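missing the sequence, but the structure's below:
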C-alpha cells in the first residue's frame, strides 16, 4: 500500500500539465481540424513517422552495434572509445544541427576546402546532399541520440548472461550468431528502453527539425500556437502527439517481449582479441559515430567559440550561468531519481502480483513517462497553467507562489524527465530475479528494506547512468526554463538561446560550448566508473 | 569538494533570486533579446535610479502573464511583432495608459487609440539581392510580387513561411490584394525557391553569398548587424554580398512594442520606462543598437540603415495585419509553402 501511495505521489505532478493541456484543448472549438486534416497533419504525420523510423533504426543499429563491439572484443582504442561513445549526449540536438549546417554549407570549411583542392569556383559545383532535409535531420539527430541505446545496451551486455554467452562461445558460435541469437535477445529490454527515450527526444525536438526544414507534428504544434495564437489548437495537436508516444511506448513493450530476461551473472565477460583487419574495422565502426556525433560539431563549436572570444571576450556572466545550470539540473536529478524508485518498484510489484497483466503499478509507471512525451514548449505552457491554478488554490494560506520561482523550474525538470530514471530503473529491475525479492521477503524484509538494502546496490549502475542522462537533459532543457524562470535568472541554455535568437547561433557559441563542457564532467565520471570492475548481480 | 561547490552554487542562485527586493523598481517581461535592450535599460536606471528586473521569454509570454493573473510581477511586457502585441491586448493583459509624452512621440498609426499598446521601433521586411548577380537597376525596381516572377525560378531564398515575420508580410499582402491573389502568389513564389523555406534571415544573406540563391526576403536590421560586424568578421562578408532593397511600391513593416501590464504592481515606473524608451536619446540608441527604424519621426537613422534608401511604408494598418495573420498562415499551409 505504501509503495502504491508513493508511486501515486510521484506521478501526481506529471499529470498536472497534461490535465492543464487537456483543459485548454477542450476549450477550443475544433474548427481548425478540417484545415489541419487536409493540409497539415497528413504531411506532418508522414514526416514525423519517417523521422522516427529513421532515427530509431539508426540509434538501435549504432547503439547496439558499438556496445556489442566494446563489450565483447578487444581492439585498438577500445577503452577510449568505450567512454567516448557517450560524448554526443552532451550536445543538444539543435546545437548539433546549427554546427552541421555551418560545416557543410557551401560557404563552410568542408566545401571551401574541397573546391580549393579541386580548383573549382562555382559554389554549386559540388553536389553534396543538402543537410536541410529529412535525411539530414535523421542523421544529425541519430548521431546525437544513439548513446541512449549504447549506454543501455552496454550495461545489459556487461551485467547479464555472461554464462550463456560463454556457453555459446564454447559451443563454437561465431560473433554474429552470438550477437543475434544470444546477446541481442537478452539486451532487448534495455535496447527498447534506450530507443524509446531517443524517439521521445526526437518527437520533442523542435529546434533542429525547424532549423533543418522538417515539418514534424511538433513543429505544427508550435506554428498553431505561436503563429496563429491558438493555444487550444496547439494543445489539441499535442494530444494527438501523445497518441504517437503511446505507440512508441507500446513498441517498447513489444521490444521487451515477455520472457526471462532476468539472468544472473556472476562474472564479467572476457573480451576476445580481434585480429588486425577486423580490429581496425571495429575501431572505425566505433570511432565514426563519435566523430559525427561529437568531434565534428563540438570541434566546430570550439573553433567558433575561440574566434568569438578572440573578437568579443568572455561573457561576463558565464560563471553565473554555469552555476545556475548545474544547480538546477543537479537538484532536479536528485528529485527525479528519488521519485522514480517507488515508481519502478511499484511497477515490478504490480505486474508480478497480477500474473503479467499490467497492474496499477505498471500503469503509474507509464503515466510517469507522459511528461517526457509532450513537446517541451507546450509542456511548459501546460506547466505554467497548472502552476497558476495551484497558486490560485494556495493563495489563501501559502506565503509564496510557485509561478516564477526557481522551484517551478526544478519541478518542471522533474516532470519532464522523470521518464528517464523511471524507464531505466524499470529495465534494470527486469534483470533482477524475482527470487531475490521472495527470499528477502520470506526472511521478513519489508518493502523499504528490500529496496534500500538489496535492490538499490543492484540498481546502482542503472541509477548512475539514469542520473547522468537526467542531469544532461535538464541542463539542455530550453523551453520550460525560458518560460518559467524568475526575473534576472539565466542558465547556460537560456543564455545560449538569448544570444542565438538574434541571428546565427555563433553568438551563443561560448554558452553552447560551456553547456557541452559542463555536461562532459558527469559523462567522464560515468565513463571512468564503467571501467572499474563491475558490480555483480549476485 | 564537490559538495562545497554545490552549496556555493545554491547560495549564489538564491541570492540572485532575492536581488529583486529594493525600493524603486520595474519588472520587465520581454521577448526582445537581452543584449539588445540592455544598454537602454542601463541608461534608464542611470537616469532614474529605478532598477529594471528582466526575464527574457519567447513563446508563452502571454500565457505566463495570464496564468500568473493578479499575482503577476510583470509591469511592462515588451514584444516583437504586431501579432504578439495585439495578443496581449486581445487577451486583456494590458491596461490603457494616457501619457502626453507617449502620444507626442509615437505617430498615431503606431499605437493603440486607447493606449493599450505602443510601438517602440519599426523594422522593414526587405528584399536582399546579390550584388554580383542582380544588376543594380533591376534591383532598385523590385517588388515583393516580382519574387514570384518566373525570371527568378530557382533563385529565391526565404525562411519558413510560418515564421511570424513572413506571416505578417503575407498578411499585409492579403489585406492589399485578397485571398485568391495571395494563394496564387505563394504558389508561384514557392516554385521559385532555391531551397526549402527554412533557417533564419541571415541565412538568406549567407546563401546569396555562397551562390545558392540570388534574391531573398529578410529584415533590414540583420543587414545592419552583419555589415557592422556585430556577428563577427565572417558575417561582414555575408552582408557585403547583398544589396538591401526597400520595395518602392510600399515596404512591409513590423514593430517591436510594449504594453503596461494589466496587474502591474509598479504602474508609475512602468509608464516612466515606456516614456523613456521613446525619448530622443533612447530612440537613437534603438537605431544604433539594433539598426531598427525609430518610431519618433525626428530621431536620426543609423548611417548604415540610412544607406538602404528611403523607407516608403505600405499603408496597411498594423492591427489589420495582425488580424489576418491566422488566415495568411493557413494559406501558407494550403499551398505547401514549407514543404
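Yep, it's here. Given the structure is predicted, the values throughout are model-derived calculations rather than measurements.

and the stretch 51-200 of chain B, which of its residues are near chain A?
B:53-60, B:63-64, B:66-69, B:71, B:73, B:83, B:87, B:160, B:162-164, B:167, B:195-200 (Cβ under 8 Å from any Cβ of the partner chain). C-beta here means a position set from N, CA and C on the backbone, and glycine is covered the same way.

in strands, which of these appear?
Members of those lying in strands (criterion: DSSP state E): B:53-56.

and which of the residues you listed is nearest to residue A:23?
Relative to residue A:23, the closest of those is residue B:55; by Cβ to Cβ it sits at 25.2 Å.

what's the local residue count around the closest one?
24 (other Cβ atoms under 10 Å in any protein chain shown).

which strand or helix spans the spatially closest residue to it that is not a sequence neighbour?
The shortest distance from residue B:55 to any non-neighbouring residue, by Cβ to Cβ, 6 or more residues apart in numbering or on different chains, is to residue A:487 (4.8 Å). Secondary structure from DSSP states H and E places residue A:487 outside every helix and strand.

from residue A:332, how far off is residue A:487?
For residue A:487, the distance to residue A:332 (Cβ to Cβ, to the nearest Å) stands at 20 Å.

who's more crowded, the two?
The neighbour comparison of residue A:487 against residue A:332 (other Cβ under 10 Å) goes to residue A:332, with 26 against 19.

which strand or helix spans the more buried one?
helix A:318-353.

would you mind listing the buried residues in that helix?
Within helix A:318-353, the residues that qualify as buried are A:320-333, A:335-337, A:339-351, counting by 16 or more other Cβ atoms under 10 Å in any protein chain shown.

any idea of the mean pLDDT in that helix?
Helix A:318-353 carries an average pLDDT of 88.

quick one: it to chain centroid distance?
On the basis of Cα atoms, centre = their mean, to the nearest Å, helix A:318-353 sits 14 Å off its chain's mean C-alpha point.

for the chain, which segments count as strands?
With no chain named, the answer covers chain A. A:73-74, A:272-273.

wrong one, I was asking about chain B
Going by DSSP E, chain B shows strands at B:25-30, B:51-56, B:76-80, B:118-130, B:156-157, B:215-219, B:242-245, B:253-260, B:293-294.

is it true that residue A:331 touches residue A:412?
No. Using Cβ atoms under 8 Å, residue A:331 makes no contact with residue A:412, being 11.8 Å away.

check the spatially most distant residue from the centre of chain A and give its pLDDT.
Within chain A, the residue lying farthest from the chain centre (Cα atoms, centre = their mean) is residue A:119, at 43.4 Å. Residue A:119 carries a pLDDT value of 82.

how far away is it from chain B?
17 Å (Cβ to the nearest Cβ, to the nearest Å).

ok, that residue - contacts?
Residues counted as contacts of residue A:119 (Cβ atoms under 8 Å, 6 or more residues apart in numbering or on different chains): none.

cool, and residue A:387?
Residue A:387 makes contact with A:402-403, A:408, A:411, A:484, B:67 under the criterion Cβ under 8 Å, 6+ apart.

what is the nearest of these to residue A:91?
Closest to residue A:91, out of all of the contacts of residue A:387 and judged by Cβ to Cβ, is residue A:484, at 23.7 Å.

wait, what's in contact with the closest one?
A:380, A:383-384, A:387, A:403-404, A:408-409, A:412, B:64.

is it true that residue B:219 touches residue B:165?
Yes. Using Cβ under 8 Å, residue B:219 is in contact with residue B:165, at 6.3 Å.

the more surrounded of the two?
residue B:219 (24 against 21).

tell me what that one is bridged to.
Beta-bridge partners for residue B:219, by DSSP bridges, are residue B:125.

all helices for the stretch 1-150 of chain B, in order.
B:2-18, B:34-48, B:61-68, B:82-90, B:100-105, B:136-141 (DSSP state H, counting those that start in this stretch).

hmm, back to that, select only the buried ones of the residues of the stretch 51-200 of chain B next to chain A in PyMOL?
One line in PyMOL is enough to select the buried members of those, burial here meaning 16+ other Cβ under 10 Å:
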select buried, chain B and resi 53+54+55+56+57+58+59+60+63+64+66+67+68+69+73+83+87+160+162+163+164+167+195+196+197+198+199+200
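
which residues touch residue B:293?
Neighbours of residue B:293 in contact, by Cβ under 8 Å, 6+ apart: B:121-124, B:220, B:253, B:287, B:301, B:305, B:311.

hmm, try it at 10 Å
B:121-124, B:220-221, B:253, B:255, B:283, B:286-287, B:299, B:301-302, B:305, B:308, B:311, B:313 (Cβ atoms under 10 Å, 6 or more residues apart in numbering or on different chains).

before we move on, back to that, I'd like the helices of the stretch 1-150 of chain B written out as JSON lines, with mean pLDDT added.
Conversion of the helices of the stretch 1-150 of chain B to JSON lines gives the following (pLDDT from 0 to 100):
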{"stretch": "helix B:2-18", "mean pLDDT": "43"}
{"stretch": "helix B:34-48", "mean pLDDT": "90"}
{"stretch": "helix B:61-68", "mean pLDDT": "91"}
{"stretch": "helix B:82-90", "mean pLDDT": "94"}
{"stretch": "helix B:100-105", "mean pLDDT": "96"}
{"stretch": "helix B:136-141", "mean pLDDT": "92"}
